[in-house]
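Engineer: What shape does this take:
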Amino acid sequence: MICTFFLVPKQDKVYATIDDLNEKIKQLKAEIENNMKRHDIPGMAFALVDSNGIIYSKGFGILDIRDDTMQIDENTNFNLGSLSKVFTTIAIMQLQEKGLLSIEDPVVDHLPWFKTREPSMSNQIKIKHLLNHSSGLPGRLNVHEIKSVEKQEIINEISDKLHDVILVAQPGDTFEYTNMNTDLLQIILEEVSGEPFIKFMDKNIFKPLGMNRTGYFTFDDYHLSNTAEGHRYRWGTIKPYKEELVYATSGSAGLSSNVTDLAKFIMCILNGGKIPTGYLISSTSINEMFQANKYGLGYNWYVYPHNMYMEGGLPGFTSTMVLSSDKSFGIVLLSNSKQDITYHSGFNLFRIVEGKTPKTLLSTDFPKVNTVAKIILGFTIIVSILLIYVVGPTFYHLSKGRLTVAFVKPSFGKCSIITFLLVLYLGVIYYIYVLFPFYVGVPSIFNFNKEPDVTTELIILSIIHSLFSLALCLKILIIQKIDRSNSLGQFNGPTKKA
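Structural biologist: Sure, this is the predicted structure:
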């Protein structure tokens, strides 16, 4: 392919042609730079691709806010999060083309240990249900806490996790997005191919595509040069955020790549799977991959009339890949900051390429502090005020001799109040440390990294509420008024009836 350069600057690479190219490039750059400034995004990288190759690519901003000398370019690596799933999908389709599996196969045919609380239901889950998230497995399921890299240990832990799971619906009859679907695909790939997942992906996808800086580098802390550091808001201020990924989530969230490599993948898809050495995947498989079910889901792609897209997010990164429905072009946008604004930025860039007007992305529409965290903070402040109201006057009156410390057998009314306080306290603690982690799919509240402000506030609320409950119970049980009418200055104990 003969490439023609239209722009001179080192980081502004343009190869092919497109209508109103120069004007659209100006709009693309302005959109990215304005959103980065308005929303405190440290860095982004972007590529626009058609079937002939890269039309335009550029890096913006810095790798790490702690060192503004390290600039992002089109070869800077970012963690992709769920965008990793599209590559796992390609691998499964390759295995189907080789006759090693069919997406119509029940999962249990390849993973005999796979079963939920109701095996009659889970036995109906097919590989295609994992691909389009219609398996019925609950959205809370994931394997982020599994540290082992040994296949059998991972299988044992997933099997234990699934043992008591109840499907949310009949397989094929719902849309329930969960990372567990792709985590299971990773294990199926290993069982069917007989190869470790990472080795298979490198040999069958990344090397044939020439994606030389793409791989699963983060689960073992391997650091590739020119790799962006993750960031996210902590109470309204952008802070660096260290990613901790595990091998078991490689297929669903563990990939690291850059816009140059991802452009090669997009070009392959736009060309019906064709690569210089032949075909990575057949056009038939690509069409099947983008065949939407009734919920608008293809195989790890969201499929709509005007585009097909997939996005990814980790606590410090976001990624967005969008292809036009006619496969005439595609874009990819990577960011080293976890913010919803970055997803919307990607679609604005897509609109610009289409010749449409981008939407205005106001700061007020994307708050820097999570709304739930603000609500929890409000409750924490209220409980803190109540704690001060209980403790402050009590210590003051103790110091003035108006109250004393002495245990008196509580009345029925006091016992009722204490019982209510204990039930309320246990309910709050149970929700924070048991129910909440269960519903968000983490082993404990301390592992909920998706929204660190929410995690912090819940922990603080539990501490303040514990202190308040303890203080109120102690006040009821052992703090007594002193009877000033008694010449001995004794406290008012229980009075016996005549």
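
Engineer: where does this structure dip in pLDDT?
Structural biologist: Applying pLDDT under 70 to the chain picks out residues 1-19, 219-223, 483-498.

Engineer: for it, longest strand please?
Structural biologist: Identified as the longest strand of the chain according to DSSP state E is strand 53-64.

Engineer: Against which helices or strands is it packed?
Structural biologist: For strand 53-64, the packing partners by 3 or more CB pairs under 8 Å, 6 or more residues apart in numbering; DSSP states H and E come out as helix 21-38, strand 43-50, strand 67-71, helix 259-270. Where C-beta positions appear, they are placed from N, C-alpha and C, glycine not excepted.

Engineer: Out of these, which gets nearest to Val108?
Structural biologist: Between Val108 and these, the shortest gap by CB to CB is with helix 259-270, which sits at 31.2 Å.

Engineer: roughly how far is the longest strand of the chain from the heart of the chain?
Structural biologist: The chain centre lies 23 Å from the centre of strand 53-64; the measure is CA atoms, centre = their mean, to the nearest Å.

Engineer: swap in stretch 321-338?
Structural biologist: Distance of stretch 321-338 from the chain centroid (CA atoms, centre = their mean) equals 19 Å.

Engineer: Phe206 in helix, strand or coil?
Structural biologist: Judged by DSSP: H, G, I helix; E, B strand; the rest coil, the three-state class of Phe206 is helix.

Engineer: For Ile198, see how far away it is.
Structural biologist: For Phe206, the distance to Ile198 equals 10 Å [CB to CB, to the nearest Å].

Engineer: Now for these two: what residues contact both?
Structural biologist: Listed as contacting both Phe206 and Ile198 by CB atoms under 8 Å, 6 or more residues apart in numbering are Gly215.

Engineer: sorry, back to before: need the winner for burial among the helices and strands packed on strand 53-64.
Structural biologist: strand 43-50 (a mean of 26; mean count of other CB atoms under 10 Å).

Engineer: Gln339 touches Arg232, doesn't it?
Structural biologist: Yes - here Gln339 reaches Arg232: they are 7.5 Å apart, a contact under CB atoms under 8 Å.

Engineer: Which stretches in the stretch 101-250 of the chain count as strands?
Structural biologist: Counting by DSSP state E, counting those that start in this stretch, the stretch 101-250 of the chain has strands at residues 231-234, 237-240.

Engineer: Dump the helix or strand just after the last one to CSV, restricted to CA.
Structural biologist: Scanning the chain past strand 237-240 towards its C-terminal end, the next helix or strand to appear is helix 250-253 (assignment: DSSP states H and E). The C-alpha atoms that make up helix 250-253 are tabulated as CSV, following Å, rounded to 0.1, in the frame of the first residue of the first chain:
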residue,chain,number,x,y,z
SER,A,250,-7.0,-11.5,30.5
GLY,A,251,-9.7,-12.3,28.0
SER,A,252,-12.3,-9.9,29.5
ALA,A,253,-10.2,-6.9,30.5
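
Engineer: helices and strands around helix 250-253, which ones?
Structural biologist: In terms of contacts (3+ CB pairs under 8 Å, 6+ apart), helix 250-253 is packed against helix 85-97, helix 179-193, helix 197-201.

Engineer: And the shortest one, what's buried?
Structural biologist: For helix 197-201, the neighbour count (16 or more other CB atoms under 10 Å) marks 197-198, 200-201 as buried.

Engineer: Which pair of those spans the longest distance?
Structural biologist: Spanning the widest gap among the buried residues of helix 197-201 are Ile198 and Phe200, at 7.3 Å by CB to CB.

Engineer: quick one: common contacting residues for these two?
Structural biologist: Here Ile198 and Phe200 have no joint contacts, going by CB under 8 Å, 6+ apart.

Engineer: any chance of the helices and strands packed on strand 53-64 in a markdown table, with distance to Asn179 too?
Structural biologist: A markdown table is the format used below for the helices and strands packed on strand 53-64 (distance: least, CB to CB, whole Å):
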| stretch | distance to Asn179 |
| --- | --- |
| helix 21-38 | 28 |
| strand 43-50 | 24 |
| strand 67-71 | 31 |
| helix 259-270 | 20 |
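
Engineer: Go through these and name the closest to Lys414.
Structural biologist: Within these, the stretch nearest Lys414 is helix 21-38; the backing value is 56.6 Å (CB to CB).

Engineer: send the alpha carbons of that closest one over as PDB?
Structural biologist: Below are the C-alpha coordinates for helix 21-38, written out as PDB (Å, rounded to 0.1, in the frame of the first residue of the first chain):
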ATOM      1  CA  LEU A  21      -9.800  15.700   5.400                       C
ATOM      2  CA  ASN A  22      -7.900  18.800   6.700                       C
ATOM      3  CA  GLU A  23     -11.100  20.500   8.000                       C
ATOM      4  CA  LYS A  24     -12.200  17.300   9.800                       C
ATOM      5  CA  ILE A  25      -8.700  16.800  11.300                       C
ATOM      6  CA  LYS A  26      -8.900  20.300  12.800                       C
ATOM      7  CA  GLN A  27     -12.300  19.500  14.300                       C
ATOM      8  CA  LEU A  28     -11.100  16.200  15.700                       C
ATOM      9  CA  LYS A  29      -8.100  17.900  17.300                       C
ATOM     10  CA  ALA A  30     -10.200  20.700  18.700                       C
ATOM     11  CA  GLU A  31     -12.800  18.300  20.100                       C
ATOM     12  CA  ILE A  32     -10.100  16.200  21.900                       C
ATOM     13  CA  GLU A  33      -8.100  19.100  23.200                       C
ATOM     14  CA  ASN A  34     -11.200  21.000  24.500                       C
ATOM     15  CA  ASN A  35     -12.600  18.000  26.300                       C
ATOM     16  CA  MET A  36      -9.200  17.200  27.800                       C
ATOM     17  CA  LYS A  37      -8.900  20.700  29.200                       C
ATOM     18  CA  ARG A  38     -12.600  21.000  30.300                       C
END
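
Engineer: Show me what it is packed up against.
Structural biologist: Judged by 3+ CB pairs under 8 Å, 6+ apart, the packing partners of helix 21-38 are strand 43-50, strand 53-64, helix 340-354.

Engineer: What's opposite the closest residue to Pro452 other than its chain neighbours in the beta bridge?
Structural biologist: Computed as CB to CB, 6 or more residues apart in numbering, the closest residue to Pro452 that is not its neighbour in sequence is Arg234, at 6.3 Å. On the basis of DSSP bridges, Arg234 is bridged to Thr237.

Engineer: Report the distance from the longest helix along the chain to the chain centre.
Structural biologist: Longest helix of the chain, by residue count under DSSP state H: helix 371-399. In terms of CA atoms, centre = their mean, the centre of helix 371-399 is found 33 Å from the chain centre.
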